[in-house]
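Undergrad: what follows is a predicted protein model with its sequence.
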Amino acid sequence: MNFDFTADQQDIKRTAHDLLASRSSLDRVREAAESGTPDAALWNELRDLGWPGIAVAEEHGGQGLGTLELAILLEELGYACAVTPLLGTVLAAAAIEHGGSDDQRARWLPGLASGEITGALGPADGLIPDAPGAGVVVALDADGGARLVDPASVEAVKTIDPTRAYGRMRADGTGAGEALTGDVAAGVDRGAIAVSAELVGISQRALEMTLEYVKERKQFGTPVGAFQAVSHRCAQMLLYTESARSATYFAAWAADADADRLAEGASLAKAAASEAGREVTASAIQAHGGIGFTWEADVHWFYKRAQLDATLLGGTGTHRARLTRLVAGRRAGAATA
Amino acid sequence: MDLTFNDAETAFRDELRAWFDSHEPGPEPRHDEDAHWRWRRDWQRQLGAGGWAGVHWPQEYGGRGATLTQSAIFFEELGRAGAPLPADVLGLLLAGPTLMVWGTDAQKERLLPTILSAEETWCQGFSEPDAGSDLAAVKTRAVKDGDEWVVTGQKVWTSGAQYAKWCMLVARTDPDAPKKHQGLTYFVLDMEQEGVQVRPLRQITGESEFNELFLEGARISDDNVVGGVGNGWKVALTTLMNERAGLAFFLQVRLRQQLDKLIDEAAARGLLDDPVVAEKLGDLHVRVEVLRLTAYRGLTAIEKYGQPGPEGSLTKWMWSDTNQQLVQLAADILGADALVADSPWAYELLRARGNSIEGGTTEILKNIVAERVLGLPRMR
Ligand SMILES: Cc1cc2nc3c(=O)[nH]c(=O)nc-3n(C[C@H](O)[C@H](O)[C@H](O)COP(=O)(O)OP(=O)(O)OC[C@H]3O[C@@H](n4cnc5c(N)ncnc54)[C@H](O)[C@@H]3O)c2cc1C
């Protein structure tokens, strides 16, 4: 048993962390969010580093690493709240890699892995992150099927989260497109893990920003972090964040090492991380007092992205219900075996 | 115990309903704060002309002299009619009642009528960058100069300052007072003068409901001291008590309407048979009703004993908590659709985050309940 990253994975994490700290400061995030355009310079740099293809097989131009490495990158992107189309691109790549035919893989993965085109994945009848401007869009149908649809049939939608572009399919795009015939669920579950990892990063950052603030901010002649109401809230934020982290790392490991537990892992991660993201960022605003309610304070970027991420690919309720079914199914299987 | 309205109350309600049937605020302007303000102000003018603006104000001040129960009925009916709060809630619910307790006759005569007519509106200049939860730590100075006071300092989070003619200002007049609560004075500040600068602050929602207020040599005549020099803390407490009591009824009704809307949304999606959704909606129903009933108990306590019971300290906390849970449940029921910019829920989801901060944070309210209601030892 070794519930920790390898030395190589630690390296990836550290490098990603440092790079984003220097290239995607919160000032840059604010600039990109307020202008409504992704940070193009950052995206070019991430492309050059091969981030979009980190989990794509080498034969398709990727780095051939696993879901764990992908999760490491996304956690750091969440931590930085970086404004790039990376999430949509890696979600589309995961769906095509696992759900696509040889031909579909050969056609789309090299472009996605190099970042030459960006991708998006989301419900056919709902909000799709990073869909505007994507080169390929994977639409998920309610029955678990997926289709590659014409990106021209996507229209941009404004949400409360200006740190990411969102779109939806125009009504005339329903049912159209080229079906993915492979194991779509295996791709989507990896996507859910990637979103969970982003939520872990968001929670971590919101917690750190809060700790910094409540140590400095004084009321009644005392740092507000010394008031038990505040310190206990911070402790609770840590509990949520670490719970999400445990579940997400387990899920990412299972995706690579124990595919039988992928479905359970993905739902475990998404349920825990969605809850953590919402609770921790809401607490962060509360602990910042009036400042936390202003546009000038950066915590709201994290609150807003956490709200969206929590709904992507199913929220806490959906995944908890799925877990119950999975566990019940497993118990029924054990009883009949 | 009798939880029905008496004849006078029923008659009051029927009269009010008839009035609402023939008057309406018109369509709500969206995405334009100034237009929104004008809309609420026009609505208050209609209310005022009909004698409904200051229902809870005594008749001698132009109000209707309604009992507390009647004013609760007013706010319930206002909400039921789908109408907005009048523009100058701060004047009607906070400044007016504070002046009635502490103001001089001249102050009442000059300041109260224009609140009712919405001709002049109010803002509340309490908070400062370093005095938020610790209100008594205000640093803004007022120095006597002849028969005037000269004010220097900075206020923050001043809601509605961009539209206000008057500000309820708490300032330090005796920096050498042995305790920080002493040495404070409550003033009425005229916002329309050179020494007052209002700078809008953008909020998480993108709107600018509150502002920074810079006071550099602003002048206040001696006549506009409220409740005596050095007595500011006590006067401010009157305002704060009204803040907590007065709004409860309107907020409670708004909550009811939001919950009803959410139940409709869930029904439209066929989700009422989903046990989790049903359980959560049921829980919110309990909370909303409990808040309403608790607020009514508070009314009875005041009517019978002249002061609010412990319920009074609980309602703001209950309200903000319930509202935040309600909007978060909307995101669960509607999914991402609740988070697209033109969904009314999206705005509510962001705005609700302020509920547990504005008007005293939940942490501070809990401290008050623990110390003053439960008699627990004070934190050191
Ligand atoms: C939407 C909105 C509108 C507002 N409008 C007005 C207005 O019109 N006029 C006006 O004067 N003010 C207004 N305010 C200001 C509001 O009253 C203050 O923000 C509030 O009192 C908190 O003060 P603060 O922001 O300085 O936070 P701080 O006091 O710095 O609090 C930071 C955190 O520490 C906690 N904390 C502080 N002290 C304690 C303690 N003793 N025990 C436990 N926890 C503690 C707080 O609960 C909070 O979580 C408004 C605020 C908002 C959000």
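TA: Good, I have the coordinates. Numbering: from 1, shown residues only, chains lettered A, B, ... in the order given.
Undergrad: alpha carbons of stretch B:185-204, as CSV, please.
TA: The C-alpha trace of stretch B:185-204 is given here as CSV (Å, rounded to 0.1, in the frame of the first residue of the first chain):
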residue,chain,number,x,y,z
THR,B,185,-22.3,59.9,18.1
TYR,B,186,-25.1,59.3,15.7
PHE,B,187,-25.6,61.9,13.0
VAL,B,188,-27.8,62.5,10.0
LEU,B,189,-25.4,63.4,7.2
ASP,B,190,-26.5,65.3,4.1
MET,B,191,-25.0,63.3,1.2
GLU,B,192,-25.4,66.2,-1.2
GLN,B,193,-22.3,68.2,-0.3
GLU,B,194,-18.7,68.5,-1.4
GLY,B,195,-17.1,66.6,1.4
VAL,B,196,-19.0,63.4,0.5
GLN,B,197,-17.8,61.1,-2.2
VAL,B,198,-19.6,57.9,-3.2
ARG,B,199,-17.6,55.3,-5.1
PRO,B,200,-19.6,52.2,-6.3
LEU,B,201,-18.2,48.8,-5.3
ARG,B,202,-18.9,46.0,-7.7
GLN,B,203,-20.3,42.9,-6.2
ILE,B,204,-20.0,39.1,-6.8
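Undergrad: packing partners for the longest helix along chain B?
TA: Looking across chain B with DSSP state H, the single longest helix is helix B:232-268. Judged by 3 or more Cβ pairs under 8 Å, 6 or more residues apart in numbering or on different chains; DSSP states H and E, helix B:232-268 is in contact with helix B:68-80, helix B:96-102, strand B:166-172, strand B:184-190, helix B:275-305, helix B:311-334. Yep, even glycine has a C-beta here, placed from its N, CA and C like the rest.
Undergrad: so which of these comes closest to residue A:165?
TA: With respect to residue A:165, and counting by Cβ to Cβ, the nearest of these is helix B:311-334 at 19.8 Å.
Undergrad: show me what the closest one is packed against.
TA: helix A:299-311, helix B:232-268, helix B:275-305, helix B:344-351, helix B:362-368.
Undergrad: and the residue of chain B found nearest the ligand, backbone torsions?
TA: Taking Cβ to the nearest ligand atom, the ligand has its nearest neighbour within chain B at residue B:132, 1.6 Å off. The phi/psi pair for residue B:132 (degrees, to the nearest 10) reads phi -110, psi -90.
Undergrad: cool, and the one 10 residues further on?
TA: Dihedral angles of residue B:142 (phi, psi; degrees, to the nearest 10) stand at phi -120, psi 120.
Undergrad: what helix or strand is residue 106 on?
TA: The chain I'm using is chain A. Residue A:106 is part of helix A:102-114, with elements assigned from DSSP states H and E.
Undergrad: my bad, the chain I had in mind was chain B
TA: helix B:105-116.
Undergrad: quick one: work out the angle between that helix and strand B:166-172.
TA: Taking axes from the mean of the first three to the mean of the last three Cα atoms, to 10 degrees, helix B:105-116 and strand B:166-172 form an angle of 130 degrees between their directions.
Undergrad: can you mark which positions in helix B:105-116 are buried?
TA: Using 16 or more other Cβ atoms under 10 Å in any protein chain shown as the burial criterion, the residues of helix B:105-116 that qualify are B:107-108, B:110-112, B:114-116.
Undergrad: do stretch A:299-317 and the ligand meet?
TA: No - contact between stretch A:299-317 and the ligand is absent, the nearest approach being 12.2 Å (criterion: Cβ under 6 Å from any ligand atom).
Undergrad: for that stretch, which positions count as buried?
TA: Of all the residues in stretch A:299-317, those buried under the rule 16+ other Cβ under 10 Å are A:299-317.
Undergrad: tally of neighbours for residue 235?
TA: By default, I'm working from chain A. Under the neighbour criterion other Cβ atoms under 10 Å in any protein chain shown, residue A:235 is assigned a count of 10.
Undergrad: right idea, wrong chain: chain B
TA: Going by other Cβ under 10 Å, the residues that sit close to residue B:235 add up to 24.
Undergrad: and for residue A:148?
TA: Other residues near residue A:148 number 22, with proximity taken as other Cβ under 10 Å.
Undergrad: in which helix or strand would I find it?
TA: strand A:146-149.
Undergrad: now the helix or strand following that strand: average pLDDT?
TA: Sequence order places strand A:154-157 as the next helix or strand after strand A:146-149, per DSSP H and E. Taken as a whole, strand A:154-157 has a mean pLDDT of 96.
Undergrad: now do strand A:154-157: which elements does it pack against?
TA: Contacts defined by 3+ Cβ pairs under 8 Å, 6+ apart place strand A:154-157 against strand A:166-169.
Undergrad: now do the buried residues in the helix or strand just after the strand it packs on.
TA: The first helix or strand that comes after strand A:166-169 along the chain, using DSSP H and E, is strand A:178-180. Buried residues in strand A:178-180, counted by 16+ other Cβ under 10 Å: residue A:180.
Undergrad: would you list the helices and strands packed on helix B:232-268 in CSV and tack on mean pLDDT?
TA: What follows is those, written out as CSV (pLDDT from 0 to 100):
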stretch, mean pLDDT
helix B:68-80, 87
helix B:96-102, 95
strand B:166-172, 98
strand B:184-190, 98
helix B:275-305, 90
helix B:311-334, 93
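Undergrad: any idea which of these is most buried?
TA: Of all the helices and strands packed on helix B:232-268, strand B:166-172 has the most neighbours on average by mean count of other Cβ atoms under 10 Å in any protein chain shown, namely a mean of 26.
Undergrad: wasn't residue A:120 part of a strand?
TA: Yes - counting by DSSP: H, G, I helix; E, B strand; the rest coil, one finds residue A:120 located in a strand.
Undergrad: who does it bridge with?
TA: According to DSSP bridges, the partner residues bridging residue A:120 are residue A:137.
Undergrad: for the stretch 1-150 of chain A, which segments count as strands?
TA: Taking DSSP state E, counting those that start in this stretch as the criterion, the stretch 1-150 of chain A carries its strands at A:119-123, A:128-129, A:136-140, A:146-149.
Undergrad: residue B:12 touches residue B:71, doesn't it?
TA: No - contact between residue B:12 and residue B:71 fails when scored by Cβ atoms under 8 Å: they sit 9.7 Å apart.
Undergrad: now do the contacts for residue B:311.
TA: Applying Cβ atoms under 8 Å, 6 or more residues apart in numbering or on different chains, we find residue B:311 in contact with B:294-295, B:297-298, B:301.
Undergrad: give me the neighbour count for the closest residue to chain A within the stretch 1-150 of chain B.
TA: For the stretch 1-150 of chain B, the residue closest to chain A is residue B:134, as judged by Cβ to the nearest Cβ, at 4.2 Å. The local packing of residue B:134 (other Cβ under 10 Å) involves 17 other residues.
Undergrad: wait, doesn't residue B:200 sit right on residue B:162?
TA: Yes - proximity of residue B:200 to residue B:162 meets the contact threshold set by Cβ under 8 Å, at 6.2 Å.
Undergrad: for those two, indicate the residue with more neighbours.
TA: Neighbours per residue (other Cβ under 10 Å) separate residue B:200 from residue B:162, with residue B:162 holding more: 18 against 14.
Undergrad: what sits closest to the more buried one if chain neighbours are left out?
TA: Nearest non-adjacent residue to residue B:162, counting by Cβ to Cβ, 6 or more residues apart in numbering or on different chains: residue B:198, 5.4 Å away.
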